Every structure is written in C-alpha cells, then in structure tokens.
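Here's a sequence, model it:
(2 chains)
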Amino acid sequence: EAGVTQSPTHLIKTRGQQATLRCSPISGHTSVYWYQQALGLGLQFLLWYDEGEERNRGNFPPRFSGRQFPNYSSELNVNALELEDSALYLCASSLFIGEANYGYTFGSGTRLTVV
Amino acid sequence: AQSVTQLGSHVSVSEGALVLLRCNYSSSVPPYLFWYVQYPNQGLQLLLKYTSAATLVKGINGFEAEFKKSETSFHLTKPSAHMSDAAEYFCAVSRGSARQLTFGSGTQLTVLP
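Numbers count the residues shown, from 1 in each chain, chains lettered A, B, ... in the order given. Sure, this is the predicted structure:
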C-alpha cells in the first residue's frame, strides 16, 4: 500500500512569491491535514480537509489556504511568502469510520525555504 | 481545548538503559492518544496509539505506553535503549469532532554509548 506522498520534497522561493505544495493521501482516506514544523515552534496545525471541504483551520493568516480535490488529494497554497514561512510542511491522512479513529499517516514533508 | 504536555525537551539515556518519555494530556473526555517518532529530515512515523481498547499499548520497535486516566498520562517506555532510538518523539491527542491531532512540543532522545 502506497503511503502519503508529498511533492516537491524541497522548494525554494523568494519573499513575496507564492508556493504550492501537494499531497496525495493513502487510498481510501478521505481526510487530509496540513501541519507546519518551523524551527523551534513544534508542529502547528494548519488545515483539515474532508470530502472536499475545509473542516477546521489553525491559527494562521488567510494567505495560507488550500483545497481538496475529488480524488482526495490536496494542495496547500502560501501567498505573499515571508521569511518566517520557512519550515517543513507535513501532510497527513486519516481514516474514520463513524467516530472510530483508525489513525493518521504522515508524508515525508516538503521543506520550504524562503529567501 | 485539548492540549498535550511533554515533560523534558531533551532526555539522555545510556545504551541498554530504560527509556521513559513523559506525556500528559488535558481532556474532559477520553481522547485518542498517539506517539510518533521523527528522524532528522523525515516525516512522522507512528509508534503506537491508544483508542480505549486496552490501557497498555504495545507499539513498534519495542516501545509501549500505558494510559492512566487518573493521572491523565500516556508515558512512553522501552526497557532497553538502542543507538537507533535516537530521534525526536512527539505525543499527540485527538478527540471528538476536532479530528486534527494536537501535538506536544516534542522530546529529543539521545542515546549514549
């Protein structure tokens, strides 16, 4: 079974530009989550998508946005990049059956560097 | 709001010694609890998860954790540390309709020869 795949693995952008990060969940998983792991700041929740809809959002400005496609893959877009956006961005997918939580699987991440 | 506290941002043990990484959660209802490990420049790998089926949870690589409701704790243990266990460990919780994981701040484990 293929795991969660993220692309690209590394991304270098200039301040003010836009970045697009992609995530493909495990087959059968309908929920996708995005996290930011910046140096010294731990793992911060960004966005949760399920069945094509944004279900929850962390404490991030609106320039962090995304979407989920009909095949459940997802994009994270970061507009007007700032130096402090440099971080490892992790995507995870999960399977819920009713309220039963069958766990979360993470991808290897995209390392975004803003210069 | 649910939260997770990991006591000790850095823990050092000798090879062969007991590993104990501490995690306490705050939740008004029984949560789902997880331990993940992260090796340098990699994503998160699931070690084990608590989903209310059993209070003692066994995971991969010889790790286990015990859910103690009275102490709101979910500490991670391993009887004998290996050099390959050196990594960062994260405790995480999810509960109810807030399906996203909330992570602790992480514990960097160093294994000394």
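
For the helix or strand that contains B:Val93, report the contacting residues that lie outside it.
Element membership of B:Val93 [criterion: DSSP states H and E] is strand B:87-95. Residues outside strand B:87-95 that contact it (CB atoms under 8 Å, 6 or more residues apart in numbering or on different chains) are A:43, A:101, A:104, B:2-4, B:6, B:21, B:23, B:25, B:27, B:29-40, B:44, B:47, B:74, B:76, B:100-104, B:106-109. In this view, the C-beta of every residue, glycine as well, is placed from N, C-alpha and C.

What are the boundaries of the strands in the chain?
By default, I'm working from chain A. Along chain A, the stretches classed as strands by DSSP state E are A:5-7, A:10-13, A:19-24, A:31-38, A:42-50, A:53-57, A:64-68, A:74-78, A:87-97, A:100-106, A:110-114.

Hmm, no, I was thinking of chain B.
B:3-7, B:10-14, B:19-26, B:32-38, B:44-50, B:56-58, B:64-68, B:73-78, B:87-95, B:98-103, B:107-112.

So, low pLDDT: which residues of chain B?
Within chain B, the stretches with pLDDT under 70 are B:1-2, B:28-30, B:96.

Quick check: residues of it near chain A?
Taking CB under 8 Å from any CB of the partner chain as the contact definition, chain B meets chain A at B:32, B:34, B:36, B:41-46, B:49, B:51, B:90, B:94, B:96, B:98-106.

And those, which of them are buried?
Neighbour-count burial (16 or more other CB atoms under 10 Å in any protein chain shown) is assigned, among the residues of chain B next to chain A, to B:32, B:34, B:36, B:43-44, B:46, B:49, B:51, B:90, B:94, B:98-106.

Packed most tightly, which of the strands of chain B would that be?
Neighbour counts (mean count of other CB atoms under 10 Å in any protein chain shown) averaged over each of these peak at strand B:32-38, with a mean of 24.

So which elements touch it?
Applying 3 or more CB pairs under 8 Å, 6 or more residues apart in numbering or on different chains; DSSP states H and E, we find strand B:32-38 packed against strand A:100-106, strand B:19-26, strand B:44-50, strand B:64-68, strand B:73-78, strand B:87-95.
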